[in-house]
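Asks: Fold the following, please.
(one chain, ligands or ions: 1)
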Amino acid sequence: MILMKSDFTYDLLIIGGGISACVFASKYLKNNVTKKVALVEIGRGLGGRSSTRISKRFKGWKLNHGAPNFNIINIKNNLLLKSYIDELLENKFIKIDDSEIVFLNDDSNLENIKTSEFSCGVNYRCLESMSQFSQKIIEFNNLKGKIDFYFDTLIADFIFNDKEWVLTSINGDQFKSKYLICSTNLLLHKRSMKILNINQIPLRKAIPIYKDKKIDLLLNFLDKQSFIPRLTFLIYTNENYSYKDFYSNKQRCFYLKNNLENKYKFERIIFQLQDNNKLGIVVHSKNIELINSYINSKDEEVFKQKIITNFNQLFEENALVNKLTFDVKISIMKWRASQPSGLAVPLSLQLSRKYRIGFCGDWFEGEGFGRIEGSILSALILEKKFNDLIK
Ligand SMILES: Cc1cc2nc3c(=O)[nH]c(=O)nc-3n(C[C@H](O)[C@H](O)[C@H](O)COP(=O)(O)OP(=O)(O)OC[C@H]3O[C@@H](n4cnc5c(N)ncnc54)[C@H](O)[C@@H]3O)c2cc1C
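Replies: The predicted structure is shown next:
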């Protein structure tokens, strides 16, 4: 059905389709089945920074190119989070991660001390791909049909006109709603000015200074938040590539200790067994030198050969991993903002009653800051506050 512009009016609009948006939408809809809700996302599907690359060029490959799994650190003291994780486990959307985690020390030998921010606490893996995880969350309780999705749609501006929020996409489409949820902070942060080629942060423009103390504070906190860029290399190995041993679980992850990370410029390497038994490899890097060298590289093929050389040197003496041949195919994903860093935003600033706008995502305070744990928890907390608002 082709929707006319006048059809784009909702009770609630959600900007973004990552995990936090999906958790919020599924909880909200469960309690408000009659409300008209839409989700607007610039990507082709759900998942955001926790999604899966299904290559058109390399048929049959599905590689989790953002977060490959997730860890929960603070469950004991948090009943809200605990009961949600239990729900996900009961519904078989996730399971305790059985992947082997290997820490490589300076000699490329193995070590078993778990030190990474992404592996401490309890690790969970999705039964299907990471994109499927967000999909499953939305489909929870048969709610999928209750929400309109607008993909490939970038919201570039919004205004609040007392009666409603009016959102404008980069293509000029307008969406209206009584309530608004931002699961991304793009439209709230100074980076939006460069990305959207505008001269004022959209939220500041929509709500001028001194109109709402909470919004002023939120924008002040965000002004001190920055973002970690990352590169991920998706390696499509050849038919006969395998481990040196007989490991057969779905994923296996190698973390590099600091000195080794400086030397090889890789942060972690995740092997992902495919349905067709091929072995995909996703290499993450947050090394600025490597990122700059990629940005400035004149010949991407030469850059890729360097990545293979680094990989082979790293695993030269390793008992588990075979070297790569130089004809493997690699695609590169550049994350301008893979994770927030610096100042986290207090959860007390999540909701403005006056302006009927709420915020969630991994950019809020708590142990889950910068991780999926924070995205899920902030969405659960926001949904509770939001239900009080609309009562
Ligand atoms: C390479 C990488 C590795 C990671 N590894 C881990 C890990 O091991 N464990 C872990 O816990 N976390 C990890 N993370 C972090 C984790 O992915 C995030 O914490 C989590 O996915 C954030 O979810 P979210 O819903 O808060 O935000 P997002 O996933 O960023 O969702 C926001 C969505 O909003 C959309 N959007 C933004 N602006 C607009 C707009 N104006 N209009 C329309 N749509 C818009 C975006 O496209 C995005 O889909 C990793 C991240 C990256 C990039």
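
Asks: What is the burial count for R353?
Replies: R353 has 12 neighbouring residues, counting by other CB atoms under 10 Å. C-beta: built from backbone N, CA, C; applies to glycine.

Asks: Nearest residue to it in space, ignoring adjacent ones along the chain?
Replies: L389 (5.8 Å; CB to CB, 6 or more residues apart in numbering).

Asks: Would stretch 119-127 count as contacting the ligand?
Replies: No: residues of stretch 119-127 are not located near the ligand by CB under 6 Å from any ligand atom, the shortest gap being 7.8 Å.

Asks: Identify the residues contacting D98.
Replies: Contacts of D98 were listed using CB atoms under 8 Å, 6 or more residues apart in numbering, and they are R125, N249.

Asks: For it, give its distance to the ligand.
Replies: 16 Å (CB to the nearest ligand atom, to the nearest Å).

Asks: quick one: low-confidence ranges for the stretch 201-350 of the chain?
Replies: The stretch 201-350 of the chain contains no residues with pLDDT under 70.

Asks: hang on, the residue nearest to R353 packs against R356?
Replies: Yes: counting by CB atoms under 8 Å, L389 does reach R356; the two are 7.4 Å apart.

Asks: For the two, indicate the residue with more neighbours.
Replies: Legend: neighbour count by other CB under 10 Å for L389 and R356, higher for R356 (19 against 12).

Asks: For the more buried one, which non-adjacent residue is closest in space?
Replies: Per CB to CB, 6+ apart, closest to R356 is Y179, 4.8 Å.

Asks: got it, and F24?
Replies: Nearest to F24 is A379, by CB to CB, 6+ apart, at 4.1 Å.

Asks: Would you check how far apart the residue nearest to R356 and R49 are?
Replies: 25 Å (CB to CB, to the nearest Å).

Asks: Likewise for K163?
Replies: 34 Å.

Asks: neighbour count winner among these two?
Replies: R49 (21 against 8).

Asks: how about the helices of the stretch 51-200 of the chain, start to end?
Replies: All helices of the stretch 51-200 of the chain, identified by DSSP state H, counting those that start in this stretch, fall at 79-90, 130-139, 191-196.

Asks: Tell me which of the ones you listed sits most buried.
Replies: Among these, judged by mean count of other CB atoms under 10 Å, the one packed with the most neighbours on average is helix 130-139 (a mean of 23).

Asks: got the angle between that one and helix 79-90?
Replies: Angle, helix 130-139 to helix 79-90, by axes from the mean of the first three to the mean of the last three CA atoms, to 10 degrees: 110 degrees.

Asks: to the chain's geometric centre, what's the distance from helix 130-139?
Replies: Once both centres are worked out by CA atoms, centre = their mean, to the nearest Å, helix 130-139 turns out to sit 13 Å from its chain's centre.

Asks: which residues are contacting the top helix by length along the chain?
Replies: In the chain, assigned by DSSP state H, the helix with the most residues is helix 372-390. Residues outside helix 372-390 that contact it (CB under 8 Å, 6+ apart): 18-21, 23-24, 27-28, 31-32, 50, 67, 70-74, 78, 80-81, 84, 179, 181, 183, 347, 350-351, 353, 356, 358-364, 366-368.

Asks: how far away is A25 from I137?
Replies: A25 is 8 Å from I137, by CB to CB.

Asks: nope, R204 is what I meant
Replies: 31 Å.

Asks: tell me which element L12 is part of?
Replies: Per DSSP states H and E, L12 falls inside strand 9-15.

Asks: now check the following helix or strand past that strand, is it near the ligand?
Replies: The first helix or strand that comes after strand 9-15 along the chain, using DSSP H and E, is helix 19-31. Yes: between helix 19-31 and the ligand, judged by CB under 6 Å from any ligand atom, the touching residues are I19, S20, A21.
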